[in-house]
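Undergrad: only the shape, not the letters, is given here:
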């Protein structure tokens, strides 16, 4: 079968068109705006990230800027802009205007804009694309420039990053006299597509395409530039080319390898380009990589990249729980990539993955108070892994702040004559159809705590279009009512398809059955063999020490144990918890034994209480586990 | 309670006093003599280990000797001598005479005897005790010298190693002018005790004591010698002092740390010294270390040292199955240490540990044909771990050959008025009591395949003494008959105590019930949670791919499944196998899933067949597992 020419069928609605009034997300967005945005700015200020743009650092002065600082601060700008776009805040806007002015002031006459390689090691500009994150920093500045423009309408930073991108385009490419380089840490590729979409300047699309297609071609650029530095080729990386997905041309890549965040950012750009260029080979590569990831290398939480060694992937089914690296940024990257695939192919498998990362392994990266962060997100622990206010390598806090603020982007998709609801979040969206009809779509729901969703469709006049409603992959049973009548619409790629003439006041009621489910992992995942994880709706659960008087890592869950879910309004701002009867070993038996006959390993009944995984480590420290041995 | 002054209460019988005619061990000893001894000699010859003693290596010639070669070849000499002691073989004796002549010819006028530091880097003699295994090699030469003397009565090598030990004693010690060094890899400590026992020269006991007591004192010798070399202290070892148990004085050590083989050799010397010196502090340290090891850091196979990183120990309960390092030498070391503790304290817990290592994680190190070896002994695998004929670092093959050949040493212990049977092995032992009575004790048994043992006691005249019969720790139910009458003798520290006047023709029948047992691990061992291992008698079992048409790593064992053991005479020379009904996942379900609801993870019944762990990888390659998920 000849592949279809891919295209972007369902573009996201702009952030400003989506209003979120959700019991689950409302408080998180508020905390993100009022706590996380200021906290990260404070850290960036204190550490010198902000001041670096004054270009007045002198040798010997501490702290010495790091070559990835610009990216951290750019991600804060981007996140603050998303927050501003949906929650006008004159003070924040004034602050943004001021820092943008400072950023732009650091731009060099040739367009170059990088504090480290302007001040600290100017002689090393473009000398080590493999290790120095130079184009990666450029990418984040570009994303910041687009976000600032979209939030404020001000072109200051957008114009500056366009000049920078133009300069980069003059420097890199296949044309004679240009360097055939690409960045060791992907990011600029997806940023340039955003810049193209914001400016409609096709140069940026072509430059992104160049970076993506050049990657992995021989002779390897990283070898050439190492040689130019007088160094042996690629000596710093044991995983070498795979580490940064530069081992072969991207369309020939079939297995996810190397650094997980880098991989996700590259694949995101590949998906974007597949749509913009209509290139089936890029989409097909994405699909193969997606299968490899989602069938072999994904934690049930949406965490990816098990190994701290390369901050990334290992062999298939290697998913240890205690030592899971599962970087917050990687879960965010998984969401970003799947959101892009969803725009090309309205298939609920992509929305499932977006939702899985969003509700579990990504937001676990930030505390409920919004000011402490996980870099890694293990699925089990002995009580010594805690969120902290900041990291020397601050990619995760600055990623989570922009990711949470951009939630509105992920909820809906709009096609030529189609509106898709990808996520169930209470609130409303406003858009206009091709024929000019205004449509307001609003959701009433307690999702993810409950599976009922009431959707009201209010077109400004009766209008025919297709409404696509995602049937979540976690759901076994559901009902759909249209204006009070049970209906059974066709389901395509996991979306219920409701094509009709919609009239003001039309309502749909969705009822997704949301029982507690015991999940099992593929038998090749030896870490999870003989174990189950608890899941309800999109949420993966875990057990925390603070809710138990035994070591939760010792608990055994009988297959026959009844598990019940209920909402606890006082717990961590309100959580649905799962409770039931489990068994715990009798500690006294094990004081003087390492092994014994299993029929002598007596247990006693213990009340089990599970909370959503994302919410762990917000109370007293203690053991935590996601996967429980069954009996 | 003030500790008793430890002493050696039950010395082993000499090898020549023990005859083994055992269905299980007979073939293994024969293969060891006829296949392993010649094969290892051949490898030592081909690789240059043997020729190195000619001291004619020249720079540029390959292979270049390695600084641990002498130890490998010394262990072969030792093993060949044990074999010769019990199985006279003029050809082997002639060969030994010849190689001993060559070894002795390499001794320097000052007594020094090390090929590498005589020929390859003579300027580095004693310059780096931490890394260069110099005293370790000396230790193995000493053990070889003692073994050759005991097997042949010839003093050639014994005299040479005495001269070498004397020279070492002049070089190292606390006296002014001596170096206060000790070896990075322990071995010489236990070797010097053997030398003391063979020669009754107390200098060697004192030198051993010096090496043991000096270890871990500050300032650290390894730092001083590094400084003398102009190097930063101990830069090569991340685990540093712990790696070679030199982090603190040995009597203050309470946790087993670092390289597992080094630890076992040190603790063996500590146990020997505790007995020889009557030092309760040394015994008490051994007991604390034993608890730490046996309650937290021991594989069920007797394998120890989970990590390849340091070939050794990590934190308690960290016992991964796939990546278990569990070096063959370490299991042998575990047996050696416990055999020494058993001589001080006739407690079956030590014999249990000796037996566990012996029947599982140690002899797994050699193929049934005696010519291929494991260096590491994982408890699970995907079919890519196989025994090989030789290793660049050949410690394991040369250790297994001497260990198997020395089996006779481990079976009995003799005290002042006591004979102890530690292991049940068919054959006979001959000894004489203090009063001159000759006693012949013979065992008839199919142990470990069956639990019945018939013991005949034949004193040359009626004599009162105490017979101690070990009740294996794995046994729940047993019966003892004396001359056909059921008796219930008292049990002290796991030994049935039969004190009486023994007459010629007295017989004891032991019947140890040997059902198939499902074993469980301490709930802190997360790798084994929700799993069971099969054990019968002292043997731990495993499942191998070759006996199944499904991936054995996917098999699930219901708690209710009936398991039956029977002897298969045609299988690998005769093995008791365990069979029963297990369940396997339906593969078709998992082709397109990584996680699913556990109630949908349907299984189908599958016939399970388990073989003794030590015998795995003697047929077609495939998956293997010891720990099965239960249901």
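TA: On my side now, so go ahead. Remember, it's a predicted structure, so these values are computed and weren't measured experimentally. Numbering: from 1, shown residues only, chains lettered A, B, ... in the order given.

Undergrad: and chain A, what are its domains?
TA: Domain ranges of chain A: A:11-59+A:67-410, A:414-512, A:516-629, per automatic domain parsing.

Undergrad: pull up the residues of the stretch 351-500 of chain A that are close to chain B.
TA: A:380, A:476 (Cβ under 8 Å from any Cβ of the partner chain). To be clear about C-beta, it is placed using only N, CA and C from the backbone, and glycine gets the same treatment.

Undergrad: sorry, back to before: dump the domains of chain A to JSON lines, plus mean pLDDT and distance to residue B:618.
TA: Formatted as JSON lines, the domains of chain A follow (pLDDT from 0 to 100; distance: least, Cβ to Cβ, whole Å):
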{"stretch": "domain A:11-59+A:67-410", "mean pLDDT": "96", "distance to residue B:618": "27"}
{"stretch": "domain A:414-512", "mean pLDDT": "97", "distance to residue B:618": "46"}
{"stretch": "domain A:516-629", "mean pLDDT": "96", "distance to residue B:618": "24"}
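
Undergrad: among the ones you listed, which is nearest residue B:586?
TA: domain A:516-629 (10.1 Å; Cβ to Cβ).

Undergrad: is the closest one anywhere near chain B?
TA: Yes. Using Cβ under 8 Å from any Cβ, domain A:516-629 reaches chain B at A:517-526, A:529-533, A:551, A:553-554, A:556, A:559, A:585, A:590, A:592-599, A:601, A:629.

Undergrad: narrow those to just the buried residues.
TA: Listed as buried from those are A:517-526, A:529-533, A:551, A:553-554, A:556, A:585, A:590, A:594-596, A:598, A:601, A:629; burial here means 16 or more other Cβ atoms under 10 Å in any protein chain shown.

Undergrad: among these, which are in helices?
TA: residue A:590 (DSSP state H).

Undergrad: tell me where the stretch 301-450 of chain A has strands.
TA: A:380-381, A:412-415, A:418-421, A:427-432, A:438-445 (DSSP state E, counting those that start in this stretch).

Undergrad: take those strands and lay them out in a markdown table including mean neighbour count and distance to residue B:160.
TA: Below are those laid out as a markdown table (neighbours: other Cβ atoms under 10 Å in any protein chain shown; distance: least, Cβ to Cβ, whole Å):
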| stretch | mean neighbour count | distance to residue B:160 |
| --- | --- | --- |
| strand A:380-381 | 22 | 56 |
| strand A:412-415 | 22 | 85 |
| strand A:418-421 | 22 | 86 |
| strand A:427-432 | 17 | 89 |
| strand A:438-445 | 19 | 87 |
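
Undergrad: to residue B:498, which of the ones you listed lies closest?
TA: Per Cβ to Cβ, nearest to residue B:498 of these: strand A:380-381, 50.7 Å.

Undergrad: what about the strands in the stretch 451-600 of chain A?
TA: Secondary structure of the stretch 451-600 of chain A (DSSP E, counting those that start in this stretch): strands at A:452-459, A:463-470, A:478-482, A:485-487, A:491-492, A:495-502, A:506-512, A:516-521, A:531-536, A:539-544, A:563-568, A:575-585, A:595-597.

Undergrad: out of those, deepest packed?
TA: strand A:539-544 (a mean of 27; mean count of other Cβ atoms under 10 Å in any protein chain shown).

Undergrad: okay, now the sheet partners of that one, with direction.
TA: strand A:531-536 (antiparallel), strand A:603-612 (antiparallel), strand A:624-625 (antiparallel) (DSSP bridges).

Undergrad: please state the offset of that strand from the chain centre?
TA: Here strand A:539-544 is found 20 Å from its chain centre; the criterion is Cα atoms, centre = their mean, to the nearest Å.

Undergrad: show me where the stretch 101-250 of chain A has its helices.
TA: Counting by DSSP state H, counting those that start in this stretch, the segments of the stretch 101-250 of chain A that form helices are A:115, A:134-152, A:156-171, A:188-199, A:202-214, A:221-228.

Undergrad: and residue A:84, which of those helices is closest to it?
TA: Taking the helices of the stretch 101-250 of chain A one by one with Cβ to Cβ, helix A:134-152 is closest: 4.6 Å.

Undergrad: got the angle for the closest one vs helix A:188-199?
TA: Relative orientation of helix A:134-152 and helix A:188-199, computed by axes from the mean of the first three to the mean of the last three Cα atoms, to 10 degrees: 30 degrees.

Undergrad: for helix A:134-152, packing partners?
TA: Helices and strands touching helix A:134-152, by 3 or more Cβ pairs under 8 Å, 6 or more residues apart in numbering or on different chains; DSSP states H and E, are helix A:69-86, helix A:90-105, helix A:156-171, helix A:188-199.

Undergrad: mind listing what's buried in the helix or strand harbouring residue A:269?
TA: Using DSSP states H and E, residue A:269 falls within helix A:260-277. Within helix A:260-277, the residues that qualify as buried are A:260-277, counting by 16+ other Cβ under 10 Å.

Undergrad: list the contacts for the nearest residue to residue A:296 once chain neighbours are set aside?
TA: Closest residue in space to residue A:296, ignoring its immediate chain neighbours: residue A:316 at 3.4 Å, by Cβ to Cβ, 6 or more residues apart in numbering or on different chains. Residues in contact with residue A:316 (Cβ atoms under 8 Å, 6 or more residues apart in numbering or on different chains) are A:292, A:296-297, A:524.

Undergrad: what of residue A:349?
TA: Contacts of residue A:349 by Cβ under 8 Å, 6+ apart are A:294, A:473, A:493-494.

Undergrad: between the helices of the stretch 101-250 of chain A, which gets nearest to residue B:419?
TA: helix A:221-228 (71.8 Å).

Undergrad: ok, residues contacting that closest one?
TA: A:127-130, A:179-182, A:184, A:214, A:232-235, A:241, A:246.

Undergrad: let's see that with 6 Å instead.
TA: With Cβ atoms under 6 Å, 6 or more residues apart in numbering or on different chains as the test, helix A:221-228 has contacts from A:130, A:180-181, A:233-234.

Undergrad: out of those, who's the most crowded?
TA: residue A:130 (26 neighbours; other Cβ atoms under 10 Å in any protein chain shown).

Undergrad: distance check, that one against residue B:588.
TA: 44 Å (Cβ to Cβ, to the nearest Å).

Undergrad: same check on residue A:279?
TA: 34 Å.

Undergrad: what are the contacting residues of stretch A:248-255?
TA: Counting by Cβ under 6 Å, 6+ apart, A:212, A:215-217, A:270, A:281, A:285, A:288, A:292 sit against stretch A:248-255.

Undergrad: just stretch A:114-130 next, same as before
TA: The contact list for stretch A:114-130, computed with Cβ under 6 Å, 6+ apart, reads A:52-53, A:55, A:57, A:65, A:67, A:70, A:106, A:137, A:181, A:183-184, A:222.

Undergrad: and for stretch A:433-441, what are the contacting residues?
TA: So stretch A:433-441 is contacted by A:429-432, A:457-461, A:463 (Cβ under 6 Å, 6+ apart).

Undergrad: widest-spaced pair of the residues you listed?
TA: Pairwise across the contacts of stretch A:433-441, and taking Cβ to Cβ, the largest span is found between A:429 and A:461, at 17.8 Å.

Undergrad: surely residue A:629 is in contact with residue A:531?
TA: Yes. Here residue A:629 lies in contact with residue A:531, judged by Cβ atoms under 6 Å, at a distance of 5.4 Å.
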